[in-house]
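**Q** with the input below, show me the fold.
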Amino acid sequence: MSQTVRTAQSAEAAAPRRIPARAWLMLLLGVGAQTAGTVFVNTPAFLIPLLHSERGLTLGEAGLIAAAPTVGMVLTLIAWGALVDRIGERWVICGGLALTVIAALAATMVDGYVALAVLLLLGGMASASTNSASGSLVVRWFPSARRGLAMGIRQMAVPLGVTIAAVTVPVAAADGGIPAALVVPASVAALFSVACGVGIRAGSSARPSPSSDPEPAPGPTPAPTPAPPARPTNPYRASSFLWRIHAVSVLLVVPQFTVSTFGLVWLVTELRWQPLAAGMLVGASQFVGAVGRILVGMLSDRVGSRVRPLRWVAISAAVVMLLLAVSDAASWGAAAVVFVVATVVVVADNGLAFTAVAERAGTAWSGRALGVQNTGQYVAASIVAPAVGALIGLVGFPLAFALVATFPVLALPLVPASSSERDAL
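**A** Numbers count the residues shown, from 1 in each chain. Next up, the predicted model:
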């Protein structure tokens, strides 16, 4: 590579440049695709009251059905990521969401709960296509100086999808039962399958153009023999950076899912809130947390590092979980405020870790690396609910919150040094 090109790339990395409208369109489509997948995965959770109260299933049986899409995602996240690396985001998102539509519509036609769970499992396997592909879109279309902001916006897809499911699925289920409820995720997935198939295009605004090389001197020049493309280096063998980020994310999942899973019941049973008011606070906290992800992403762009803010988030997560424990034990009047702050803090690491993984893995490995990242988080999340639930039953909320605070403390020494990410940015 010429000195001119190297200088241009260094200048680009040092200062953010104007992002073209097409890049923002790609981000919008990625957010929509991820939202569609999230709506499907969370739809069964809002069918639990119907399954339990009207259909006679136990909470355990209804919970197994609700968990089926998440299990399906865990099974296929890495495979979808590898496919993104091979064929690109467009066909992975379009095809995965089309398969999600088929699974959802097929589930409207079955009567048995085993068949329903199997189709929800298959739909979860298909909807996992959006996770790695939407993250890969951000990395491909946004330069490093704006990637934190873009990934923070992309991370809003999860609370947005949960909100859509929460608002629409119970109403549809009350009017038309399970088949009507499943039409909701099928419709959203169909919409974005078509939109992404039409709108996502190859190319990237985040890479310097090969035409930036200086023009060759006039005169006949023999055509060079093209060299065979070098095989991309496996980033997992090059350093421990990715493994450490994965481990940090798994540990930080514990406070995140503790708050999101048990926050509502904590407000109702410990603080004596009415369920409706508690639900409204939880929903508002999720929205504030989504905005917080964007702000943290912007901060990482400003400081030129993902791992430094990640370290700050880990420290903050430990502090807010301890404050939550103390506020409960001491019956503070401001305990609900502490809960909102905790909800915002414990989700702030997601976009940072996702961006760090994608940047370190590079375009040839980002799909697989993001698949590994998501798989570890979902596996950990599936363990948190029963484990922390049992812990709360054994020692109570305050001590359980205090013990959960040890997990971000354990994550701190695993956060890579800032110097180790310079080659990725």
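
**Q** so where's the chain uncertain?
**A** For the chain, residues meeting the criterion pLDDT under 70 lie at 1-17, 59, 202-232, 275, 422-425.

**Q** center of it - which residue?
**A** Gln155 (5.6 Å; CA atoms, centre = their mean).

**Q** secondary structure class for Ala364?
**A** coil (DSSP: H, G, I helix; E, B strand; the rest coil).

**Q** look up phi and psi at the residue nearest to the centre of the chain.
**A** Backbone torsions of Gln155, given as degrees, to the nearest 10, read phi -70, psi -10.

**Q** tell me where the stretch 1-150 of the chain has helices.
**A** 3-14, 21-42, 48-49, 59-87, 89-107, 113-127, 129-141, 144-154 (DSSP state H, counting those that start in this stretch).

**Q** likewise for the stretch 251-400 of the chain?
**A** Using DSSP H, counting those that start in this stretch, helices in the stretch 251-400 of the chain cover 275-303, 307-329, 335-346, 349-361, 366-395, 397-404.

**Q** list the buried residues for the shortest one?
**A** Across helix 397-404, burial judged by 16 or more other CB atoms under 10 Å covers Phe397, Pro398, Ala400, Phe401, Ala402, Leu403, Val404. Yep, even glycine has a C-beta here, placed from its N, CA and C like the rest.

**Q** next one: the second one relative to Ala117, how far apart?
**A** If I follow you right, that is Pro398. 36 Å (CB to CB, to the nearest Å).

**Q** one more: the fifth one?
**A** With the distance defined as CB to CB, Ala402 ends up 36 Å from Ala117.

**Q** same deal with the last one?
**A** Shown here: Val404 relative to Ala117, a distance of 30 Å by CB to CB.

**Q** one more: the third one?
**A** Computed as CB to CB, the Ala400 to Ala117 distance reads 30 Å.

**Q** repeat for Ser187
**A** Going from Ser187 to Ala117 by CB to CB gives 22 Å.

**Q** what's the end-to-end length of stretch 46-60?
**A** The straight-line separation of the ends of stretch 46-60 (CA to CA, to the nearest Å) is 14 Å.

**Q** actually, stretch 396-413.
**A** 29 Å.

**Q** chain center to it: distance?
**A** Distance, stretch centre to chain centre, for stretch 396-413: 22 Å (CA atoms, centre = their mean, to the nearest Å).

**Q** ok, stretch 320-334 next?
**A** That offset, for stretch 320-334, works out to 29 Å (CA atoms, centre = their mean).

**Q** I'd say Val184 and Val169 touch.
**A** Yes - the pair Val184 and Val169 passes the contact test of CB atoms under 8 Å, sitting 5.7 Å apart.

**Q** most packed of the helices of the stretch 251-400 of the chain?
**A** Greatest average neighbour count among the helices of the stretch 251-400 of the chain goes to helix 349-361 (a mean of 28), per mean count of other CB atoms under 10 Å.

**Q** ok, and what's touching it?
**A** 135-136, 138-139, 144, 147-148, 151-152, 154-155, 235, 241-242, 245-246, 248-249, 252, 256, 293-294, 296-297, 300, 306-307, 309-310, 313-314, 317, 366, 368-370, 373, 421, 424-425 (CB atoms under 8 Å, 6 or more residues apart in numbering).

**Q** tell me the secondary structure of Pro416, please.
**A** From three-state DSSP, the assignment for Pro416 is coil.

**Q** burial measure for it, as a count.
**A** 21 (other CB atoms under 10 Å).

**Q** so who does it touch?
**A** Ser240, Phe241, Arg244, Ile245, Val307 are the contacts of Pro416 under CB under 8 Å, 6+ apart.

**Q** one more time with 6 Å, if that's ok
**A** Contacts for Pro416 were tallied using CB atoms under 6 Å, 6 or more residues apart in numbering; they are Phe241, Arg244, Val307.

**Q** now do Ala348
**A** So, once contact is read as CB under 6 Å, 6+ apart, Ala348 ends up touching Gly292, Val296, Val313.

**Q** go with 8 Å
**A** Ala348 makes contact with Gly289, Gly292, Arg293, Val296, Val313, Ser316, according to CB under 8 Å, 6+ apart.

**Q** for it, what are phi and psi?
**A** phi -70, psi -20.

**Q** what do you get for Asn234?
**A** Per degrees, to the nearest 10, the residue geometry at Asn234, taken as phi and psi, is phi -70, psi 110.

**Q** spatially nearest residue to it, not counting backbone neighbours?
**A** Trp365 (7.2 Å; CB to CB, 6 or more residues apart in numbering).

**Q** the one you found against Ala238, yeah?
**A** No - applying CB under 8 Å as the test, Trp365 and Ala238 come out as separate, 10.1 Å apart.

**Q** before we move on, what SS does Arg201 have?
**A** coil.

**Q** contacts only, for it.
**A** Arg22, Met26, Arg90.

**Q** tell me how far the second one lies from Ala98.
**A** Shown here: Met26 relative to Ala98, a distance of 19 Å by CB to CB.

**Q** counting neighbours, go ahead and name the busier of these two.
**A** Met26 (27 against 17).

**Q** wait, the more buried one sits on Val139?
**A** No - counting by CB under 8 Å, Val139 is not a contact partner of Met26; they are 10.8 Å apart.

**Q** between Ser187 and Ala117, which one's more packed in?
**A** A count of neighbours by other CB under 10 Å puts Ala117 above the other of Ser187 and Ala117, at 21 against 14.

**Q** contacts only, for that one.
**A** Leu64, Ile65, Ala68.

**Q** hmm, 6 Å instead?
**A** Ala117 neighbours (CB under 6 Å, 6+ apart): Ile65, Ala68.

**Q** mind checking how far it is from Met125?
**A** 13 Å.

**Q** give me the neighbour count for Ser249.
**A** Ser249, neighbours per other CB under 10 Å, totals 25.

**Q** can we start the residue count at 456 from this point?
**A** Taking 456 as the first residue, the last one we looked at is Ser704.

**Q** in which helix or strand would I find it?
**A** helix 696-724 (DSSP states H and E).

**Q** list the helices and strands that helix packs on?
**A** helix 730-758, helix 790-801, helix 804-816, helix 821-850, helix 852-859, helix 861-866 (3 or more CB pairs under 6 Å, 6 or more residues apart in numbering; DSSP states H and E).

**Q** put together JSON lines for these, with distance to Ser648 on each row.
**A** Below are these laid out as JSON lines (distance: least, CB to CB, whole Å):
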{"stretch": "helix 730-758", "distance to Ser648": "24"}
{"stretch": "helix 790-801", "distance to Ser648": "32"}
{"stretch": "helix 804-816", "distance to Ser648": "23"}
{"stretch": "helix 821-850", "distance to Ser648": "19"}
{"stretch": "helix 852-859", "distance to Ser648": "38"}
{"stretch": "helix 861-866", "distance to Ser648": "37"}
